[in-house]
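>>> I need the structure of the sequence given here:
(3 chains)
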Amino acid sequence: MNKTNKYSMKNVDLWYNDFHALKNINMDIPPNEITAFIGPSGCGKSTLIKSLNRMNDLVEGCKISGSILLDGESIHGNIDVNALRKRVGMVFQKPNPFPMSVYDNIAYGPRTHGIKSKFKLNEIVEKSLLDAAIWDELKDRLKKSALSLSGGQQQRLCIARALSVQPDVLLMDEPTSALDPISTAKIEELVIKLKTDYTIVIVTHNMQQAVRISDNTGFFLLGELIEYGNTQQIFSMPSDKRTEDYITGRFG
Amino acid sequence: MGKRSLVLVIADKEIAAKILFALSASAAILAVGLICVFLFMQGLPAIWNIGIINFLTGTSWRPTWDPPLYGILPMIVGSLYVTAGAILFGVPIGIFAAVFMAKFCPSPVHKILKPAINLLAGIPSVVYGYFGMVVLVPFVRENFGGNGNSILTASILLGMMILPTIITISESAIRAISPEIYEGAIALGASHENASFRVVLPAAKSGVMAAVILGIGRAIGETMAVRMVAGNQAVLRMPHEFLSGARTLTTNVVLELGDAYGGHRAALIATGVVLFVFILLINALFSMLKKKGGA
Amino acid sequence: MVLIKSLFRKKPVDLLLLLLTWLSIVLAAAVLMLVVGYVLINGLPHIRPSLFAMQFTTQNQSLFPALVGTLMIVGLSLILAVPLGVFAAIYLVEYAKRGSRFVHIVRLTTETLAGIPSIVYGLFGFIFFGVFLGWGLSLMSGSFTTAIMILPLIMRTTEESLKSVPDTYREGSFGLGAGRLRTVVRIVLPAAMPGILAGIILAIGRIVGETAAIIFTLGNVARMPNSLFDTGRTLSAHMYALANEGTHPGEAHATAAVLLIVVILINALSSRIARLIKSS
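Below you'll find the predicted structure:
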């Protein structure tokens, strides 16, 4: 049976005022796999990932054309943007826990979507922290401020927070760029484990990371998708000269 | 159906909140509008009745005469005198103190001085006025002559009162100058004093000017403290009469509004209008300079 | 010693500048010490229980009714101005498009309000609330007038604290599917709360220190207001009356000291909160 794609993008163009940030992007993202976006700074990879849950709506002067389908349905159509973002979780470049307790950080999402029962919230907090493999570290510190955690713990907390609203998709925008190697390894391990339940899109600056964890890789340059395909293939025999230059470190 | 109406309720709440916030933001516009309309509506006809020339250049204020005389030139001049005096005392000290705070002050000292200067700004005008009454008035009387309730006393007191305004705003203007400018001067062999006063301070010129303008606004608008030390005679003074008392635009209002009726009240409101116009001009100048300073 | 030696090595101009800066800051500090010192030293010995008697009489010159009047004016004024100012700031920071015409006008008028002297507020409050709306000299007239006075202060401090909340908090909340209102109320406002509080305390200080705008709106009668439309006085207005009458110098000294202590406490509280924000 042919797997239906989670995301399907057709002729996506995006402008920030006069700046043409994404040019005619066509790509499909398969479910329950890890898809990595790589490319030099300013190539559009972060812009594209932010388009997948419409975080770009927050940027003044941002215009988008073309179609982005999630499970076959346009994310720009007659759809509640908050419901979209509930379905599509996001983890940011720098860990951004809210200035409240660990517990309240995780419970914020479910509460936002109307869950009030203390019992249910407890359950969600525990499950989310378990899924993010940080329950053992934090189970005795649920009432402590999330800002007191280490950077790596904060980022896994943010992953748990993203999981708390039971999304289908997890978008990760350079989630390890602010972390040390040990924390990075823990997050990578976690991401691989998560792909059985979630579709994961990750933007990364670190090519080794893309090789280690992703199934598919898209290479971006100056707002264009240069090459997209199986990660092993992209990194062993890229078909485009520019991809080869980038992954062999000749520019970027 | 149920789900759809839920979405609608949420969207409505968002829209309602946005409208509430926008209406609140309009409150400031409404307030300024009301103040302008009511002051001008009641003040301008009075100025018209008195005659704008008679009102602004008349040297006699005799509200109880028949017919009454409403000339506010003594008050305009009085306001200018005490404000000029305040600048004379407050501005040099304020600017030097600001340079000290920004460039010469060791950080532990700054931690003490900063709240001290904030406190200086927070002391109520009546307390300043009271201090002026019991300390400055006798001081001026004994050392300079006159009865102590004078333009000079009001000037000294206002000079003290505008210090925190001038220090705080000048200090932040000086601090906003990028350190490269200072370092550039030091690298050329300039001394710390030279670099601070000849390079950094001039670079912060428009911010410091804005501070002075705001200080002028404070001084010209101050009421209670002046009322308590300036003698308050509505007499046109010459500059050498700085040991005599004077009345300002502000004190003219505060002295008489309590028991004024009819044309007298209208003339006081008109005095307020003149003051208000002065303040609007000063504010416009201030925001122009602030924009120029890029602050 | 080292300091003195280094002073001698300086050029005369530099030395003069250095001396002038020191002299100026010493003078500025002296002004504070002189005012605070004089008022406290002369006032504290005159503070006695009769000053806090429930009823004002010409003998006791009690400041208690004025203290209660101050609390009432502060309370009412905050009830009016805080929601308005905070909501307005939320609109400017979280909703409005930057550089829109509306925002420009709001900023212009807010700056204008901030520059209007208190006597003009007093005059306006008198002719608008007192005469035009017929509220007379009353708590209503007084608190509405002071509410307009503190509005720009509340707006500005709230705006600054909202702006200092990192955008990552907002992104995090939006990313979880929260709407703008929920993001603002649950995430941004709590994070900005200390700054807003510091602004509110500054505003309280402003009202407590206000006289010119009070005496023509609230009035200056030595009794506690017994309704929203009753007159009264605040501590500053009481101080003004005492100083002008000049018949009770001891009580005047004591009242000045009490007023100053209240202001010092308010200031200390505000700068403590400000420091808390900086350290976190």
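>>> spatially nearest residue to whichever residue of the stretch 1-150 of chain C sits closest to chain B, not counting backbone neighbours?
Across the stretch 1-150 of chain C, the shortest distance to chain B (C-beta to the nearest C-beta) belongs to C:P117, at 2.5 Å. From N, CA and C alone the C-beta is placed, and that goes for glycine too. Excluding its sequence neighbours, the residue lying closest to C:P117 (C-beta to C-beta, 6 or more residues apart in numbering or on different chains) is B:G221, at 2.5 Å.
>>> the one you found and C:I119 touch, don't they?
Yes: taking C-beta atoms under 8 Å as the definition, B:G221 is a contact partner of C:I119 at 6.9 Å.
>>> shared neighbours of these two, anything?
Taking C-beta atoms under 8 Å, 6 or more residues apart in numbering or on different chains as the contact criterion, the common neighbours of B:G221 and C:I119 are B:T250, B:L275.
>>> which of these two has more residues huddled nearby?
Residue environment comparison for B:G221 versus C:I119 gives the larger neighbour count to C:I119, 30 against 25, counting by other C-beta atoms under 10 Å in any protein chain shown.
>>> how about the residue nearest the centre of chain A, secondary structure?
Within chain A, one residue has its C-alpha closest to the average C-alpha position: by C-alpha atoms, centre = their mean, that is A:L171, at 1.6 Å. With DSSP: H, G, I helix; E, B strand; the rest coil as the basis, A:L171 sits in strand.
>>> do A:M27 as well
If you use three-state DSSP, then A:M27 falls in the strand class.
>>> circling back: which strand residues bridge the residue nearest to the centre of chain A?
Beta-bridge partners of A:L171, counted by DSSP bridges, are A:M90, A:V201.
>>> which residue packs closest to C:L181, ignoring adjacent ones?
Distances taken as C-beta to C-beta, 6+ apart put B:A17 closest to C:L181, at 4.6 Å, once the chain neighbours are dropped.
>>> hmm, that neighbour is touching C:R182, no?
No: between B:A17 and C:R182 there is no contact, the gap being 9.8 Å when judged by C-beta under 8 Å.
>>> how about residues contacting stretch B:35-54?
For stretch B:35-54, the external contacting residues (C-beta under 8 Å, 6+ apart) are B:55, B:58, B:70-71, B:263, B:266-267, B:269-270, B:272-273, B:276, C:116, C:120, C:123-124, C:127-128, C:132, C:148.
>>> contacting chain A as well, which ones from the residues you listed?
The subset of the contacts of stretch B:35-54 lying close to chain A, counting by C-beta under 8 Å from any C-beta of the partner chain, is empty.
>>> among the residues you listed, which ones are in helices?
Among the contacts of stretch B:35-54, the members falling in helices (DSSP state H) are B:55, B:263, B:266-267, B:269-270, B:272-273, B:276, C:120, C:123-124, C:148.
>>> which residues in the stretch 151-295 of chain B form helices?
Taking DSSP state H, counting those that start in this stretch as the criterion, the stretch 151-295 of chain B contains helices spanning B:151-175, B:179-187, B:192-194, B:201-203, B:205-221, B:224-229, B:249-256, B:262-293.
>>> re earlier: mind listing what the residue of the stretch 1-150 of chain C closest to chain B touches?
With C-beta under 8 Å, 6+ apart as the criterion, the residues that contact C:P117 are B:G217, B:R218, B:I220, B:G221, B:E222, B:T223, B:T250, B:L275, B:I279, C:A212.
>>> kindly recompute the last result at 10 Å.
In this structure, C:P117 makes contact with B:217-223, B:249-250, B:272, B:275-276, B:278-279, C:123, C:212-213, judged by C-beta atoms under 10 Å, 6 or more residues apart in numbering or on different chains.
>>> do C:A198 as well
Remark: with contacts taken as C-beta under 10 Å, 6+ apart, C:A198 is in contact with C:T157, C:E160, C:S161, C:L269, C:S270, C:S271, C:R272, C:I273, C:A274, C:R275, C:L276, C:I277.
>>> pick the most buried one from the helices of the stretch 151-295 of chain B.
Comparing the helices of the stretch 151-295 of chain B by mean neighbour count (mean count of other C-beta atoms under 10 Å in any protein chain shown), helix B:224-229 ranks first with a mean of 29.
>>> and it, how far out from the chain middle?
A distance of 14 Å separates the C-alpha centroid of helix B:224-229 from that of its chain, computed with C-alpha atoms, centre = their mean, to the nearest Å.
>>> what is the end-to-end distance of stretch A:95-115?
Counting by C-alpha to C-alpha, to the nearest Å, the length from the leading to the trailing residue of stretch A:95-115 is 25 Å.
>>> show me what from the stretch 151-252 of chain A comes close to chain C.
For the stretch 151-252 of chain A, the residues in contact with chain C (C-beta under 10 Å from any C-beta of the partner chain) are A:C158, A:R161, A:A162, A:S164, A:V165, A:P167, A:L171, A:D173.
>>> run through the stretch 101-250 of chain A and note the low-pLDDT ranges.
Judged by pLDDT under 70, the stretch 101-250 of chain A has its weakly predicted residues at A:250.
>>> near chain B, which residues of it show up?
The stretch 101-250 of chain A has residues A:G114 near chain B, with proximity defined as C-beta under 10 Å from any C-beta.
>>> one step back: I'd assumed the residue nearest to C:L181 was in a helix, is it?
Yes: B:A17 sits within a helix when classified using three-state DSSP.
>>> ok, it to B:P45 distance?
Computed with C-beta to C-beta, to the nearest Å, the distance linking B:A17 and B:P45 is 43 Å.
>>> can you show me the helices along chain A?
Along chain A, the stretches classed as helices by DSSP H are A:45-51, A:81-87, A:102-112, A:118-131, A:135-138, A:151-163, A:181-194, A:207-213, A:231-236, A:241-247.
>>> can you lay out the ones you listed as TSV showing mean neighbour count?
Written out in TSV, the entries for those read as follows (neighbours: other C-beta atoms under 10 Å in any protein chain shown):
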stretch	mean neighbour count
helix A:45-51	24
helix A:81-87	20
helix A:102-112	23
helix A:118-131	17
helix A:135-138	15
helix A:151-163	25
helix A:181-194	16
helix A:207-213	18
helix A:231-236	17
helix A:241-247	18
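>>> need these in CSV with distance to B:A234, can you?
Output for the helices of chain A, formatted as CSV (distance: least, C-beta to C-beta, whole Å):
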stretch, distance to B:A234
helix A:45-51, 68
helix A:81-87, 66
helix A:102-112, 65
helix A:118-131, 72
helix A:135-138, 75
helix A:151-163, 69
helix A:181-194, 77
helix A:207-213, 82
helix A:231-236, 89
helix A:241-247, 83
